[in-house]
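Colleague: A structural model of the following input is requested.
(4 chains)
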Protein chains: 2
Amino acid sequence: MDISHAVSALSALAQESRLKVFRLLIRTGSKEMAAGDIARALGVPHNTMSSHLAILCRAKLVQARKAGRSVIYAVDLDGTRALLSFLVEDCCQGEPAVCGPVIESTLSACCSE
Amino acid sequence: MDISHAVSALSALAQESRLKVFRLLIRTGSKEMAAGDIARALGVPHNTMSSHLAILCRAKLVQARKAGRSVIYAVDLDGTRALLSFLVEDCCQGEPAVCGPVIESTLSACCSE
DNA sequence: TCTATATTTCCAGAATTATGGACATATCCC
DNA sequence: GGGATATGTCCATAATTCTGGAAATATAGA
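Modeller: This next block holds a predicted model:
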């Protein structure tokens, strides 16, 4: 990932409706949601939501799939991983004690089995 | 962390100069840098950089400390952790197979001992 | 083909954010 | 105190992003 793509991805998330979409989709795990359902769930007009979803797609944070009249969205796990990795890349100069807790806590927020 | 703080933190990072500052500081590990050195390192005027640093501080992504005439900045690890955790919160509905690789890859970008 | 549904594209006004000159403050050393 | 250094604040202009009405596209079913 280069820095300009990272900026796009972070800009995509730096907007309340879009951040809500991302979190809504990440909470559904491997499930997916149609554009219209997302718009309804968050109370945003469908055309506004369509722009937001396009931005998230371009940023590779979500993926789209056509199914009949619907377009189904899901989190793009590869793109998400790339962004998180980019943020902490080369951190802590080989001293895991510094940033280890950051990663561990992220890990426990997710998949807290 | 509430969503509006997450949006502020993501907006803080969604700007090339500020993202560069964050990555510069995270790469230095537990080390720190003076405002002027950061500005010089990134080729940004000191007053512009000062605004950027204030935004990163408010977002709790970096911390400031006065030392004589200088102000020394470092990554705020607690704030960074809170942001990353918020992004993946409650993800994957207990199916670590889905998002586990995302976290593992983040872990290996950082502290790749 | 006609109609309803699902989504996207186009567009322009509103709102927000970025930038850096000029000036203010704060500290250090003589 | 006076001068040099380090950083921050104020502010106006420029640039970018947000929003949703209106129209377009695409698919499904009768």
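
Colleague: show me where pLDDT drops low in chain A?
Modeller: Residues of chain A that meet the criterion pLDDT under 70 lie in A:29-30, A:92-100, A:106-107, A:109-113.

Colleague: tell me which parts of it are close to DNA strand C?
Modeller: A:34-37, A:39, A:46-47, A:49-51, A:53-54, A:64, A:69-72 (Cβ under 7 Å from any atom of the strand). To be clear about C-beta, it is placed using only N, CA and C from the backbone, and glycine gets the same treatment.

Colleague: Now intersect those residues with the helices, please.
Modeller: Using DSSP state H, the members of these that fall in helices are A:Ala35, A:Gly36, A:Asp37, A:Ala39, A:His46, A:Asn47, A:Met49, A:Ser50, A:Ser51, A:Leu53, A:Ala54.

Colleague: re earlier: ok, of the residues of chain A next to DNA strand C, which come out buried?
Modeller: If you count burial by 16 or more other Cβ atoms under 10 Å in any protein chain shown, the buried members of those come out as A:Ala34, A:Ala35, A:Ala39, A:Met49, A:Ser50, A:Leu53, A:Val71, A:Ile72.

Colleague: could those residues be laid out in CSV, adding distance to B:Ile3?
Modeller: CSV is the format used below for those (distance: Cβ to Cβ, whole Å):
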residue, distance to B:Ile3
A:Ala34, 23
A:Ala35, 21
A:Ala39, 18
A:Met49, 17
A:Ser50, 22
A:Leu53, 18
A:Val71, 25
A:Ile72, 24
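
Colleague: helix/strand/coil for the closest residue to A:Asp78 other than its chain neighbours?
Modeller: What sits nearest to A:Asp78 in space, not counting adjacent residues and going by Cβ to Cβ, 6 or more residues apart in numbering or on different chains, is A:Lys60, at 7.4 Å. Following DSSP: H, G, I helix; E, B strand; the rest coil, the label given to A:Lys60 is coil.

Colleague: Can you tell me the closest non-neighbouring residue to A:Arg23?
Modeller: B:Glu89 (6.9 Å).

Colleague: Doesn't A:Ala82 belong to a helix?
Modeller: Yes - using three-state DSSP, the secondary structure at A:Ala82 is a helix.

Colleague: Looks like it contacts A:Ala59 (just checking).
Modeller: No - contact criterion Cβ atoms under 8 Å: A:Ala82 and A:Ala59 do not qualify, at 10.4 Å.

Colleague: My reading is that A:Lys66 lies in a strand. Confirm?
Modeller: Yes - in this structure, A:Lys66 lies within a strand as judged by three-state DSSP.

Colleague: For A:Glu104, see how far away the nearest residue to A:Lys66 once chain neighbours are set aside is.
Modeller: Leaving aside its chain neighbours, A:Lys66 sits nearest to A:Ile72 (7.6 Å; criterion: Cβ to Cβ, 6+ apart). Distance, A:Ile72 to A:Glu104, by Cβ to Cβ, to the nearest Å: 33 Å.
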